[in-house]
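Undergrad: Sequence plus predicted model, see below.
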2 protein chains.
Amino acid sequence: MDVKLRAARKEDCREISRMVMELAVFDKMPDQVKISHEELERDGFCQNPLFECIVAEVPEEHQSRGRVSFLMPHFQSTDLCSTLSSAVSLSGFAVVGYALYFYTYSTWKGPSAYLEDLYVMPEFRGKGIGKGLLSKVAEVVKKKGCARLQLSVLEWNTNAQNLYTSKGAQDLTVSEGWHAMRFEGQHLDNLAGEAPKE
Amino acid sequence: MDVKLRAARKEDCREISRMVMELAVFDKMPDQVKISHEELERDGFCQNPLFECIVAEVPEEHQSRGRVSFLMPHFQSTDLCSTLSSAVSLSGFAVVGYALYFYTYSTWKGPSAYLEDLYVMPEFRGKGIGKGLLSKVAEVVKKKGCARLQLSVLEWNTNAQNLYTSKGAQDLTVSEGWHAMRFEGQHLDNLAGEAPKE
């Protein structure tokens, strides 16, 4: 399939935001999504962006059912057509996946990166798009001098785990016993309120 | 105890680097540390720093055993004096702990922060310095608009876990099943090499 991977642009944020919600539904936590595409635009496309993003797009010049079927013979074409109609850009490409990442720091290894989201629309899975996005992120962050690329995966999401481990990722929770912890909401407010004053 | 928390300065990097190694020894992975204090200086004290750091310091004007013992009656004073002698700044304070963090991004909640390291020298534990550093980081990142503060903790490090959970942190590995995964070294190189070309 003729898939194009490219750096996301500000005008992609509406589609990215739609896919963020689709991913949250897949992760079974749709009520967790609190930010809008305007916030993605503000945070990712400013002078010091808080994240970077790569999108995967497929050509869909005519939005015709036949044309789509030719490109992707195995999906439910009516469902896809209705989804695609909102996603097709002026240049005739439809965004069907994204990888969103940012730069972090390891006091052991130096500059590193974290892959926050990797998502491909269900109708386009099994065609190597996820693998393509993952390796593209690896390429970009390696060029920036990152020694590590980290991410988190849900225990039940064996498809994603298999992709990562097949490419050599180490499960640090299993091998070293790392647990992820989070402060948020009232707990974060309370903690901040306890900070020693000058 | 008269503990002062302040933003780290470039000239603290030698001490931070020493404590990074002490923390790695505590974590039972001392061979993992590959970066020097010069790299911390370069990465944390440039125009767009890759991390921020808060240090805890205690007054040690005279570096005398008696003076130190007065401040911290319960530690092994000879050990501490030898350690402190390398750590005492020109202004007469010794850096005895640090919290190193950076800014991240959640596609569900927006700007967030990650606490990479929280460390207090063994002789100074149990005095609230770790709690002070943690709440100071929470205060700083909340002021910057972060909705979340995340971190990782080792399964066997129950002291740290108790501190975090007593302050309301959620263990996402237990509650939601998140595992941390990492690509590095040859695996990251290989992955990057597989990126689709233009």
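TA: Done, it's in. Numbering: from 1, shown residues only, chains lettered A, B, ... in the order given.
Undergrad: May I have the secondary structure class of A:Tyr98?
TA: Under DSSP: H, G, I helix; E, B strand; the rest coil, A:Tyr98 falls in the strand class.
Undergrad: Not counting residues beside it along the chain, what's closest to it?
TA: Excluding the flanking residues, the one nearest A:Tyr98 by CB to CB, 6 or more residues apart in numbering or on different chains is A:Val55, at 4.9 Å. To be clear about C-beta, it is placed using only N, CA and C from the backbone, and glycine gets the same treatment.
Undergrad: Same check on A:Asp27?
TA: Of all residues not flanking A:Asp27 in the chain, A:Leu154 sits nearest, at 6.4 Å (CB to CB, 6+ apart).
Undergrad: what about the one you found, how many residues close to it?
TA: Close neighbours of A:Leu154, defined as other CB atoms under 10 Å in any protein chain shown, add up to 17.
Undergrad: related to what we said a few turns ago, can I take it that the residue nearest to A:Tyr98 is in a helix?
TA: No - A:Val55: not assigned to a helix; according to three-state DSSP it is strand.
Undergrad: which residues does the residue nearest to A:Asp27 contact?
TA: Residues in contact with A:Leu154 (CB atoms under 8 Å, 6 or more residues apart in numbering or on different chains) are A:27, A:160, B:176-179.
Undergrad: And those residues, which of them are buried?
TA: By neighbour count, with 16 or more other CB atoms under 10 Å in any protein chain shown, these hold A:27, A:160, B:176, B:178-179 as buried.
Undergrad: Can you pull out the low-pLDDT segments for chain A?
TA: A:1, A:61-91 (pLDDT under 70).
Undergrad: re earlier: and the buried ones among the contacts of A:Leu154, which two are furthest apart?
TA: The most widely separated members of the buried ones among the contacts of A:Leu154 are A:Ala160 and B:Glu176, with 14.4 Å between them, by CB to CB.
Undergrad: tell me which residues in whichever strand or helix holds A:Ser135 are buried?
TA: Assigned by DSSP states H and E, A:Ser135 falls within helix A:129-143. Residues A:129-142 are the ones in helix A:129-143 that count as buried (16+ other CB under 10 Å).
Undergrad: Three-state assignment for A:Thr165, please.
TA: Applying three-state DSSP: A:Thr165 is helix.
Undergrad: For it, which non-adjacent residue is spatially closest?
TA: A:Thr165 sits nearest to A:Asp171 (CB to CB, 6+ apart), 7.0 Å away.
Undergrad: Likewise for A:Asn190?
TA: A:Asn190 sits nearest to B:Gly168 (CB to CB, 6+ apart), 6.7 Å away.
Undergrad: who touches the nearest residue to A:Met21 once chain neighbours are set aside in this structure?
TA: Sequence neighbours aside, A:Val33 is the residue nearest to A:Met21 in space, at 5.5 Å (criterion: CB to CB, 6+ apart). Counting by CB under 8 Å, 6+ apart, A:Val33 touches A:20-21, A:24, B:107-108.
Undergrad: Name the member of the residues you listed with the most neighbours.
TA: Neighbour counts for the contacts of A:Val33, by other CB under 10 Å, peak at B:Thr107, which reaches 27 neighbours.
Undergrad: State the helix or strand in which A:Leu151 lies.
TA: A:Leu151 is located in strand A:148-154, with elements delineated by DSSP H and E.
Undergrad: what angle do that strand and helix A:129-143 make?
TA: 150 degrees (axes from the mean of the first three to the mean of the last three CA atoms, to 10 degrees).
Undergrad: Partner strands of strand A:148-154 and their direction?
TA: Listed by DSSP bridges, the sheet partners of strand A:148-154 and their directions read strand A:110-120 (parallel), strand B:178-184 (antiparallel).
Undergrad: Include distance to B:Pro59 when you put the ones you listed into a markdown table, please.
TA: Listed next are the strands paired with strand A:148-154 as a markdown table, based on distance: least, CB to CB, whole Å:
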| stretch | distance to B:Pro59 |
| --- | --- |
| strand A:110-120 | 33 |
| strand B:178-184 | 39 |
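Undergrad: To A:Gln186, which of these lies closest?
TA: Among the strands paired with strand A:148-154, strand B:178-184 sits nearest to A:Gln186 (CB to CB), with 21.6 Å.
Undergrad: Return the list of helices and strands in contact with whatever helix or strand comes next after that closest one.
TA: Counting by DSSP H and E, the next helix or strand C-terminal to strand B:178-184 is helix B:185-193. Packing partners of helix B:185-193 (3 or more CB pairs under 8 Å, 6 or more residues apart in numbering or on different chains; DSSP states H and E): helix A:129-143, strand A:148-154.
Undergrad: Show me what the longest one is in contact with.
TA: Spelled out, it's helix A:129-143. A:3, A:5, A:52, A:54, A:56, A:96-99, A:101, A:103, A:112-113, A:115, A:118, A:120, A:149, A:163-164, A:167, B:183, B:188-189, B:191-196.
Undergrad: Buried ones among those residues?
TA: Burial by neighbour count, 16+ other CB under 10 Å: within those this picks out A:3, A:5, A:52, A:54, A:56, A:96-99, A:101, A:103, A:112-113, A:115, A:118, A:120, A:149, A:163-164, A:167, B:183, B:188, B:191-192, B:195-196.
Undergrad: On the three-state scheme, A:Trp156 is what?
TA: Per three-state DSSP, the secondary structure class of A:Trp156 is coil.
Undergrad: That one: neighbouring residues, count only.
TA: Residues lying near A:Trp156 (other CB under 10 Å) number 11.
Undergrad: And it, how far from chain B?
TA: Per CB to the nearest CB, to the nearest Å, A:Trp156 is found 6 Å from chain B.
Undergrad: Tell me if I'm right that that residue and B:Gly177 touch.
TA: Yes - counting by CB atoms under 8 Å, A:Trp156 touches B:Gly177, with 6.4 Å between them.
Undergrad: tell me the contacts of the nearest residue to A:Val174 once chain neighbours are set aside?
TA: With sequence-adjacent residues excluded and distances taken as CB to CB, 6+ apart, A:Val174 is closest to B:His179, at 6.9 Å. With contacts defined as CB under 8 Å, 6+ apart, the neighbours of B:His179 are A:152-155, A:161, A:171-174, B:173.
Undergrad: That's all I had, so thanks and see you.
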